[in-house]
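Novice: Have a look at this prediction, sequence included:
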Amino acid sequence: MLRDLGWNKKHEKAFAPFKKEGWIPARLIRDNKITYGALTGDFDEHEVIMSGKVYHDAESDAELPAVGDWVALDVTDDDVVIRARLPRQTCFSRKAPGKTNEEQVMAANVDVVVVVTDPGSDFNPRRMERYFTLISLSKAKPVILVNKSDLYTKEESEAVRDEIKELNPDSDVHITSAVEEDGLESLDAYFKKGVTVTLIGSSGVGKSSIVNHILGDEYQWVDDINERTGKGRHTTTARELVVLPDGGILIDNPGIREVHMWTDEGTLRDRFADISEIARDCKFHDCKHGSDSGCAVRAALETGKLSPERFEGFLKLDDEIATLLAGRKKRQMNIERRSKRAIHAKSKKRLRDEDDDHPGLNRKR
């Protein structure tokens with residue numbers, strides 16, 4: 001049934017115009033670069049292609065269909081074609097790696113984002129703040145697994161858990177060991193019929209082993225763990241959506257090396273509300289929190305009320321977002337400029353065609 005795939009009344013309302021065309025709803029489970037894998041309500045899997053209109057209507061790669069999207073399929077004897085992508089109700093994204101200012105969709109229509117880390121070298125409070133900022137923008141629920149507890153003391157694992165909870169009291173944080181299958185039962189509460197969960201994290205934190213546990217079989221091959229580092233090779237190479245037999249939907253992601261920002265200033269301020277609250281007491285409303293007199297933020301740093309590391313993390317994210325917004329504004333201006341040129345070219349062509357049809361008419365240009 002469609003509801004087992006995450007279908008709801010909002011999707012049904014958005015699909016109404018396409019139903020009149022005789023098209024059927026489906027959810028994308030795999031991106032094969034040229035084609036997609038799509039699952040319909042009867043759980044039939046189709047290899048589908050994207051229509052030219054869907055491709056040309058997208059103003060960026062992020063607006064193209066992605067894993068987790070709901071689409072309208074035109075099923076014919078020859079091909080199964082994506083004729084439209086339904087609006088996303090939630091979207092977990094980051095800035096695409098590299099110098100580009102493009103958005104990279106990691107999971108569309110996702111309800112829960114599970115971040116896997118460990119109590120050792122992978123855990124970094126500043127990177128965790130980045131995860132929380134992206135999850136906050138997506139409107140999904142944040143869940144953190146402090147994995148590989150079998151390689152660390154109980155005190156080390158609990159210290160990391162407590163630090164994460166302090167960063168985001170609204171998050172659920174669980175201590176787990178994928179190798180010993182300890183604590184993984186905590187995931188059961190999130191996998192319910194129609195609920196979409198995506199797993200993210202760095203390579204080597206045991207995410208593939210957790211996926212294997214969730215699916216109940218050796219869905220992925222996991223290399224032997226290095227006895228010295230405690231790391232295994234992450235084997236997920238592409239995003240894929242899997243519907244679980246007992247209910248729930250899983251979208252697995254390849255390992256993430258860098259958590260690039262894709263958010264807005266408002267979301268950033270919400271995630272760092274403590275700094276914004278302190279800044280309200282600054283003497284000047286445009287205080288730069290440097291050498292300005294009466295700076296409440298600088299006073300908080302000096303007294304220890306505000307962590308220098310957290311403030312530096314905030315400033316770095318703020319700079320990244322400012323650069324991102326500037327790049328997006330420039331890109332939008334280029335798109336508008338190209339659009340005006342295209343309209344102008346079409347107008348000139350129309351006038352030329354009219355001249356060809358009516359050569360006796362004398363138009364003033």
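Specialist: It's in.

Novice: now the closest residue to Ala178 other than its chain neighbours, what's its secondary structure?
Specialist: Spatial nearest neighbour of Ala178, excluding adjacent residues (C-beta to C-beta, 6 or more residues apart in numbering): Ser209 at 3.7 Å. To be clear about C-beta, it is placed using only N, CA and C from the backbone, and glycine gets the same treatment. Put simply, Ser209 is helix when judged by DSSP: H, G, I helix; E, B strand; the rest coil.

Novice: Equivalent analysis for Ile200, please.
Specialist: strand.

Novice: same deal with Val115?
Specialist: strand.

Novice: cool, Arg83 as well?
Specialist: Arg83 ends up strand, using three-state DSSP.

Novice: And it, how far from Ala189?
Specialist: According to C-beta to C-beta, to the nearest Å, Arg83 and Ala189 sit 37 Å apart.

Novice: Verify the contact between the residue nearest to Ala178 and Glu180 for me.
Specialist: No. At 10.4 Å, Ser209 does not count as touching Glu180 under the criterion of C-beta atoms under 8 Å.

Novice: What is the neighbour count of the residue nearest to Ala178?
Specialist: 24 (other C-beta atoms under 10 Å).

Novice: So the chain: which segments form each domain?
Specialist: 2-85, 91-252, 267-313 (automatic domain parsing).

Novice: what's the most buried one of those?
Specialist: Most buried of the domains of the chain, by mean neighbour count (mean count of other C-beta atoms under 10 Å): domain 91-252, with a mean of 19.

Novice: And that one, how far out from the chain middle?
Specialist: How far domain 91-252 lies from its chain's middle: 13 Å, per C-alpha atoms, centre = their mean, to the nearest Å.

Novice: what's the span of that domain, first residue to last?
Specialist: The straight-line separation of the ends of domain 91-252 (C-alpha to C-alpha, to the nearest Å) is 15 Å.

Novice: same check, this time on stretch 170-182
Specialist: So stretch 170-182: terminal residues 23 Å apart, C-alpha to C-alpha.

Novice: Please list the residues outside that stretch that contact it.
Specialist: Here stretch 170-182 makes contact (C-beta atoms under 8 Å, 6 or more residues apart in numbering) with 132, 141-150, 157-158, 161, 164-165, 183-184, 186-187, 206, 209-210, 213, 225.
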